[in-house]
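# no sequence on hand, only this structure:
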Ligand SMILES: Cc1cc2nc3c(=O)[nH]c(=O)nc-3n(C[C@H](O)[C@H](O)[C@H](O)COP(=O)(O)OP(=O)(O)OC[C@H]3O[C@@H](n4cnc5c(N)ncnc54)[C@H](O)[C@@H]3O)c2cc1C
């Protein structure tokens with residue numbers, strides 16, 4: 001049996017930030033991850049780019065997430081934060097997913113964190129009325145890890161579910177945002193794509209505030225509405241999507257395509273999940289063939305990689321001490337107990353049809369500490385995709401930069417609990433905020 005002070009489960013943006021933050025405060029940290037690498041959806045599901053570290057021209061997210069981006073720069077594995085060519089949000093941060101695996105892992109190792117890969121947590125164990133250990137499976141058999149504090153960075157809220165805390169999924173009727181199987185395509189002729197965009201601006205969602213140089217510092221496409229419509233009419237495209245959605249990364253001629261749409265994947269239902277993987281690959285094939293046949297610049301394109309698995313936008317969300325709402329986000333509410341800021345708008349991929357529901361936010365908003373604390377929790381926090389929000393608010397907080405923010409805060413809170421012999425609900429918010437600021441986080 002292993003023992004640690006803080007156990008972090010899940011190695012995505014939230015888990016990377018939580019474990020580094022807790023270890024920097026002198027805690028013995030173990031991170032458990034079911035795959036053999038870090039990055040979460042950024043590497044498993046090929047989700048890119050990161051959106052967003054900025055509100056307007058102001059950087060509102062820093063800390064561990066931004067440190068990781070700066071480390072990628074030395075490999076030319078990111079251009080950094082650049083204006084969003086679509087104008088969806090302030091900046092986007094393209095990155096090379098393989099360097100996320102390398103640099104995130106290095107960051108954890110430098111802090112002395114033990115990483116246990118290929119390990120799936122399947123049980124939470126109570127000791128004397130509080131959580132005392134997590135159990136799970138690896139190829140070596142069952143493992144048990146005792147800890148004083150636990151941070152659920154599984155994206156799916158596995159720990160809250162296994163520990164019996166209440167949770168919600170999806171909108172009022174329980175339907176979550178659709179899932180997507182993302183894929184990479186190479187040998188795309190960017191000049192041909194750009195010429196078509198220049199000639200048919202009405203066919204695209206574009207940021208008309210950036211000049212052509214700024215707009216094209218990265219290739220980002222949300223549009224080709226007419227060509228998608230033609231393909232649908234001719235029976236060449238039946239994926240429930242109204243547009244081409246793709247982004248360039250850091251490799252010349254290569255794009256990440258985010259166009260498949262798989263309705264209602266229930267994370268508790270393995271048959272549902274298997275169906276989505278199969279249907280996803282069928283949609284990838286059809287989408288790739290559609291791009292080659294209809295979209296200028298794609299005639300000679302190659303299919304390079306399909307993501308390791310379907311990316312799930314929304315699964316379980318904690319019911320926490322506080323529940324972040326649309327109103328909080330749109331009003332830019334800065335609650336006194338905030339642990340960081342978010343700036344991404346509310347962007348909901350419709351579970352019912354091909355559309356997008358979008359609510360722009362002009363100001364950053366504060367994320368209250370209570371969103372990280374499952375109601376009544378003593379020594380368990382949630383961070384990342386599964387924090388306590390409404391369905392609509394989740395459509396803003398779920399993005400990777402914001403997951404780094406909540407991860408770092410949960411890691412610091414867990415460390416302070418252990419250090420000060422407190423509980424999740426009694427730690428000093430002032431001390432939490434001060435420590436976060438000392439670690440480079442932005443709270444104002
Ligand atoms: C299709 C799609 C498009 C998106 N587009 C964007 C975008 O353009 N920009 C953006 O910034 N964000 C985007 N997002 C959102 C973003 O990628 C995720 O919400 C974010 O990665 C969540 O981070 P996380 O750390 O909470 O969880 P995840 O990234 O989901 O990581 C969770 C980790 O936990 C591990 N894990 C899960 N359960 C267990 C367990 N029981 N035991 C051990 N390990 C476990 C997983 O293997 C994984 O590594 C998109 C998401 C999807 C699905």
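Structure received. Being a predicted model, the structure only gives us computed values, none of them experimental. Numbering: from 1, shown residues only.
# list phi and psi for the closest residue to residue 220 other than its chain neighbours.
If the residues on either side of it in the chain are set aside, residue 220 comes closest to residue 85, at 4.2 Å by Cβ to Cβ, 6 or more residues apart in numbering. Where C-beta positions appear, they are placed from N, C-alpha and C, glycine not excepted. Per-residue torsions, residue 85: phi -60, psi -20 (degrees, to the nearest 10).
# one more: the one 3 residues further on?
Here the main-chain torsion angles of residue 88 (degrees, to the nearest 10) amount to phi -70, psi -40.
# so it makes contact with residue 206?
No. The pair residue 88 and residue 206 fails to qualify as a contact (Cβ atoms under 8 Å) at a distance of 10.3 Å.
# buried residues, the helix ranked longest in the chain. List them.
In the chain, with assignment by DSSP state H, the single longest helix is helix 270-294. Neighbour counts over helix 270-294 (16 or more other Cβ atoms under 10 Å) mark 273, 276, 279, 280, 283, 284, 286, 287, 288, 290, 291, 294 as buried.
# what's the answer for stretch 328-347, then?
328-330, 334-335, 337-347.
# residue 181: what's it in contact with?
By Cβ atoms under 8 Å, 6 or more residues apart in numbering, the contact list for residue 181 reads 260, 262, 276-277, 280-281, 283-284, 306-307, 309-311.
# return the distance of it relative to the ligand.
To the ligand, residue 181 is 8 Å away according to Cβ to the nearest ligand atom, to the nearest Å.
# check what pLDDT residue 214 gets.
Per-residue confidence at residue 214 stands at 47 (pLDDT).
# how about the buried residues of stretch 328-347, which pair is most distant?
The span of the buried residues of stretch 328-347, defined through Cβ to Cβ, is set by 337 and 347 at 26.1 Å.
# for the protein, what helix or strand is lowest in average pLDDT?
Of all helical and strand segments in the chain, the minimum by mean pLDDT, DSSP states H and E falls on helix 212-215, at a mean of 46.
# which residues of this protein lie near the ligand?
Within reach of the ligand by Cβ under 6 Å from any ligand atom, the chain has these residues: 9-15, 32-35, 40-42, 44-45, 47, 50-51, 120-121, 153-156, 158, 180, 182, 258, 311-313, 384-385, 398-400, 403.
# just the buried ones from those?
Burial by neighbour count, judged by 16+ other Cβ under 10 Å, picks out 9-15, 32-35, 40-42, 44-45, 47, 50-51, 121, 153-156, 158, 180, 182, 258, 311-313, 384-385, 398-400, 403 from the residues of the chain next to the ligand.
# those in strands, which ones?
Using DSSP state E, the members of those that fall in strands are 9, 32, 121.
# and the closest residue in space to residue 149 that isn't next to it in sequence, what helix or strand is that in?
Using Cβ to Cβ, 6+ apart and skipping the chain neighbours, the partner closest in space to residue 149 is residue 414 (3.8 Å). Taking DSSP states H and E as the criterion, the element that holds residue 414 is helix 400-420.
# number of residues surrounding the residue lying closest to residue 319 once chain neighbours are set aside?
Take residue 319 and drop its neighbours on the chain: the residue closest to it by Cβ to Cβ, 6+ apart is residue 166, 4.3 Å away. By the criterion of other Cβ atoms under 10 Å, residue 166 has 13 neighbours.
# isn't residue 166 up against residue 375?
Yes. Taking Cβ under 8 Å as the definition, residue 166 is a contact partner of residue 375 at 6.7 Å.
# thinking again about what came up before, need the contact partners of the helix or strand just after the longest helix of the chain.
Next helix or strand after helix 270-294 toward the C-terminus (DSSP H and E): strand 302-306. Strand 302-306 is contacted by residues 46, 181, 182, 183, 184, 185, 186, 187, 254, 281, 284, 288 when judged by Cβ under 8 Å, 6+ apart.
# and strand 302-306, which strands flank it?
Sheet pairing here is set by DSSP bridges, and for strand 302-306 it gives strand 183-186 (antiparallel).
# ok, of the contacts of residue 181, which one's closest to the ligand?
residue 311 (2.9 Å; Cβ to the nearest ligand atom).
# so where's the stretch 301-444 of the chain shaky on pLDDT?
In the predicted model, the stretch 301-444 of the chain carries pLDDT under 70 at residues 354.
# in it, what residue comes closest to the ligand?
residue 384 (2.1 Å).
# residue 406 is in contact with that residue, correct?
Yes. If you go by Cβ under 8 Å, residue 384 and residue 406 touch, sitting 6.0 Å apart.
# hmm, back to that, and which of the ones in strands among the buried ones among the residues of the chain next to the ligand is nearest to residue 391?
Using Cβ to Cβ, residue 9 is the member of those that lies nearest residue 391, at 23.8 Å.
# ok, the closest one - contacts?
Neighbouring residues of residue 9 by Cβ under 8 Å, 6+ apart: 15, 31, 32, 121, 134, 150, 151, 152, 153, 154, 158, 159.
# return the subset of those residues lying in helices.
Reading helices off those with DSSP H, I get 15, 158, 159.
# and the closest residue to the last one other than its chain neighbours, what is it in contact with?
Distance criterion Cβ to Cβ, 6+ apart; nearest residue to residue 159, sequence neighbours excluded, is residue 152 at 3.6 Å. Residues near residue 152 by Cβ under 8 Å, 6+ apart: 9, 10, 158, 159, 160, 318, 380, 381, 382, 383, 386.
# list phi and psi for residue 116.
Note on residue 116: its backbone torsions stand at phi -110, psi 100 [degrees, to the nearest 10].
# what bridges to it?
Here residue 116 shows beta-bridge partners residue 32, assigned using DSSP bridges.
# burial measure for it, as a count.
19.
# thank you, goodbye.
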